[in-house]
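Peer 1: below are the sequence and a predicted model; questions follow.
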Amino acid sequence: MNSTMLDQIPRLPVSEWMANIISWLTQNLSWFFGAIRDGGSWTMDALTDLLLWVHPIVFILLLVGLSFFASQKKFGLPVFTLLGLLYIYNQGLWEPLMYTITLVLIASLLSIIIGVPVGIWMAKSASANWIITPILDFMQTMPAFVYLIPAVAFFGIGMVPGVFSAVIFALPPTVRFTNLGIRQVDDEMIEAAESFGSTGSQRLFKVELPLAKATIMAGINQTVLLALSMVVIASMIGAPGLGERVINALQRAQVGPGFVAGFALVVLAIILDRTMQGFNKDKSN
Amino acid sequence: MTTKVEIQNLTKIFGKKERQALELVKEGQSKDGILKKTGATVGVNKASFKVEQGEIFVIMGLSGSGKSTLVRMLNRLIEPTEGNILIDGDDIAKMNKDELRKVRREKVSMVFQNFGLFPHRTILENTEYGLEVQGVDKAERQEKAEKALDNAGLLPYKDQRPNQLSGGMQQRVGLARALANDPEILLMDEAFSALDPLIRRDMQDELLEMQDTMHKTIIFITHDLNESLRIGDRIAIMKDGEVVQVGTGEEILTNPANEYVERFVEDVDRSKVLTAENIMVRPETIRLRQSGPRVALQRMKAADHSNMLVVDKDNILKGYVTDADVLDAVKQDKKDLVDVVRTDIPRVTKETLINELYTLIHNSQTPVAVVDENDKLLGIVVRGLVLGALVKEEREEELINE
């Protein structure tokens, strides 16, 4: 009986609503999305060209040097970086690697630029926290593929929609960890800052952000790795790079090339993760 | 004397039904009753007192008595629910943000129980903080901060981080930081409670010494009666958010306002039953008529003392001699010590409490003589013994507290 009663309620047109919202946005804000698409792809092309202009050997040595300092002058990570990047070069994946690095860099940068201020806002305002937390939950639990659809509607195919969907997917950790980091600052630190007559921004920049830095950096680390994983998925809508090779291999059921590109992504992820963690540890000590 | 800080009917209520609870407070209901009726906690209940310019005013109470809430309302780290806080006649409670910030920057500094030092800043940068937020330029604020650190004897550590310093040193930095912008009022919230007993005592001494030259108005929060008695010019005792008595240590000990204060004072006194008799030692003495200057000098050398007590044949205390005086007497070829005996030696009975001994001995060049009603010498108390006994007592107190 229950089921018949439930069946009498007409199906809510959620699908139509979403489609209408997206198409309304596409039509009415096309000038806006167009500007972003053009500016974005110009910037990313320029960055990729710059990265490709640097000789691979110079590039590899730079990254090895960076990882050497990040790991407090130990040899494990630098050796891994050297061998890993040589492998990628050897497999003819250097150009896709540069595209992937561009996408990850831009997506991470945008996530930080948006995420840190939003996190600060959430830490300062209970109502902002109350409103934004469910939005973050939504962003994180919605299957990543779903973002690809409006991304294509807004920006067509290519790097820009890839970055757009990567930012949505990778943003939440930075926001959450910034919020958490600031809320975790010891009450006595806040009281000390206040008791000397700090203004709000003095308190934020001189006390709260420095003390929250390690936590915020952990969030940014997460964001970068999520951006990397989304950049691979975004290859389905034409984002170039290592992910494109994986998707191609998948479509043709080629095990070999699939793993070759997959290994390259793993190498990149480990280098990014360990290097960032190294710097974070270094700073917090 | 002028009044520096005055609070009138200062009240803080934590919880939702603030208005309703406030009415009950005005009706004079108890903290427990209000909690039961409204669910709101009365942090501070109509507290009123005046603090004079240049005095150390101690607010004492057990945990939960509202003393920390009270001190935080003085610079509005906690917003008062009702009441007035007058500093130099201006009501802090009614100030807007900018006025309040100005007071915090220029008039009132705070020292915290767990030091409140910023771990990401060096000692110097910590000390500069108050000046930095005021916008004082770098050279000037560094100079002032270095001077404040120098006064605390901490200049060599200026480039270290707080966690590289011991607790006592960290709190010296906390104090130096609070003093760097030359405030008129110092709020000290359990400032020495996190320190070891001996260090705590040193810090109390340093605070008193500093106060001799600086004459700040200090409001000091503590749960320790001994500390209150030691440093406080006047003491306010708090219980359940109310100020139950304000007075000098002497007044509070001799004339407790109510049963609560009495019990409080008794509790602490019980741990102070150690008297001079318990810690005195057998003295090295010289018989006045029997020994001349040469014997005295020889014995002082042998015992490695710079002074020695002088008694007559019945062991009645006559005074003491110093090595310099005795040496002069030897040079002048005198036959006895009568001319060089000094009599300004503190005398106590064997019932004297150890805490009284502490002050006596602190101000005395000689040991303290313990005598009976006929001035017969029973023993002496030297500085090390008093300190030792006090430390032992504090240890025992702490063990009991744990």
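Peer 2: Cool, got the structure.

Peer 1: who in the stretch 51-200 of chain A is up against chain B?
Peer 2: With C-beta under 8 Å from any C-beta of the partner chain as the criterion, the stretch 51-200 of chain A comes near chain B at residues A:Glu188, A:Met189, A:Glu191, A:Ala192, A:Ala193, A:Glu194, A:Ser195, A:Phe196, A:Gly197, A:Ser198, A:Thr199. C-beta: built from backbone N, CA, C; applies to glycine.

Peer 1: residues in contact with the fourth one?
Peer 2: Remark: with contacts taken as C-beta atoms under 8 Å, 6 or more residues apart in numbering or on different chains, A:Ala192 is in contact with A:Val207, B:Met110, B:Phe112, B:Gly116, B:Leu117, B:Phe118, B:Tyr129.

Peer 1: in what helix or strand does it lie?
Peer 2: Counting by DSSP states H and E, the element that carries A:Ala192 is helix A:187-195.

Peer 1: give me the buried entries from the residues of the stretch 51-200 of chain A next to chain B.
Peer 2: A:Glu188, A:Met189, A:Glu191, A:Ala192, A:Ala193, A:Glu194, A:Ser195, A:Phe196, A:Gly197, A:Ser198 (16 or more other C-beta atoms under 10 Å in any protein chain shown).

Peer 1: which of those residues lies closest to A:Asp273?
Peer 2: Among those, A:Met189 lies closest to A:Asp273 (C-beta to C-beta), at 29.7 Å.

Peer 1: that closest one reaches A:Leu211, doesn't it?
Peer 2: Yes. With contact defined as C-beta atoms under 8 Å, A:Met189 counts as touching A:Leu211 (6.2 Å).

Peer 1: overlap of the contact sets of those two?
Peer 2: The contact sets of A:Met189 and A:Leu211 overlap at B:Phe118 (C-beta under 8 Å, 6+ apart).

Peer 1: name the residues of the stretch 51-200 of chain B found near chain A, please.
Peer 2: Within the stretch 51-200 of chain B, the residues that sit near chain A (C-beta under 8 Å from any C-beta) are B:72, B:75, B:77, B:101-106, B:108-110, B:112-114, B:116-120, B:129-130, B:132-134, B:181, B:187.

Peer 1: can you rerun that using 6 Å?
Peer 2: The interface of the stretch 51-200 of chain B toward chain A, taken as C-beta under 6 Å from any C-beta of the partner chain, is made up of B:75, B:77, B:101, B:104-105, B:110, B:112, B:114, B:116, B:120, B:129-130, B:133.

Peer 1: just these: which are in strands?
Peer 2: Mapping those onto strands (DSSP state E) picks out B:Met110.

Peer 1: okay, now the unreliable bits of the chain?
Peer 2: Chain wasn't specified; assuming chain A. A:1-3, A:282-285 (pLDDT under 70).

Peer 1: my bad, the chain I had in mind was chain B
Peer 2: In chain B (pLDDT under 70), the answer is B:1, B:197-198, B:265-274, B:278, B:385, B:387-402.

Peer 1: how much space between the most far-flung residue of it relative to its centre and B:Pro293?
Peer 2: Distance from the centre of chain B peaks at B:Asp333, with 49.1 Å (C-alpha atoms, centre = their mean). Computed with C-beta to C-beta, to the nearest Å, the distance linking B:Asp333 and B:Pro293 is 9 Å.

Peer 1: what do you get for B:Gln8?
Peer 2: 67 Å.

Peer 1: for the stretch 101-250 of chain B, which segments are assigned as strands?
Peer 2: In the stretch 101-250 of chain B, strands defined by DSSP state E, counting those that start in this stretch lie at B:108-111, B:185-189, B:217-222, B:234-239, B:242-247, listed in chain order.

Peer 1: would a markdown table of those with mean neighbour count be doable?
Peer 2: Listed next are these as a markdown table, based on neighbours: other C-beta atoms under 10 Å in any protein chain shown:
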| stretch | mean neighbour count |
| --- | --- |
| strand B:108-111 | 26 |
| strand B:185-189 | 24 |
| strand B:217-222 | 24 |
| strand B:234-239 | 24 |
| strand B:242-247 | 19 |
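
Peer 1: those: which one's closest to A:Ala151?
Peer 2: strand B:108-111 (52.5 Å).

Peer 1: what does that closest one rub up against?
Peer 2: Applying C-beta atoms under 6 Å, 6 or more residues apart in numbering or on different chains, the contact partners of strand B:108-111 are A:Ser195, B:Asn75, B:Gly174, B:Leu175, B:Ala178, B:Pro183, B:Ile185, B:Leu186, B:Leu187, B:Met188, B:Ala191.

Peer 1: can you report how many residues neighbour the closest residue to B:Glu128 other than its chain neighbours?
Peer 2: Excluding its sequence neighbours, the residue lying closest to B:Glu128 (C-beta to C-beta, 6 or more residues apart in numbering or on different chains) is B:Ala145, at 4.4 Å. B:Ala145 has 27 neighbouring residues, counting by other C-beta atoms under 10 Å in any protein chain shown.

Peer 1: surely B:Ala145 is in contact with B:Thr127?
Peer 2: Yes. With contact defined as C-beta atoms under 6 Å, B:Ala145 counts as touching B:Thr127 (3.9 Å).

Peer 1: many thanks, we can stop here.
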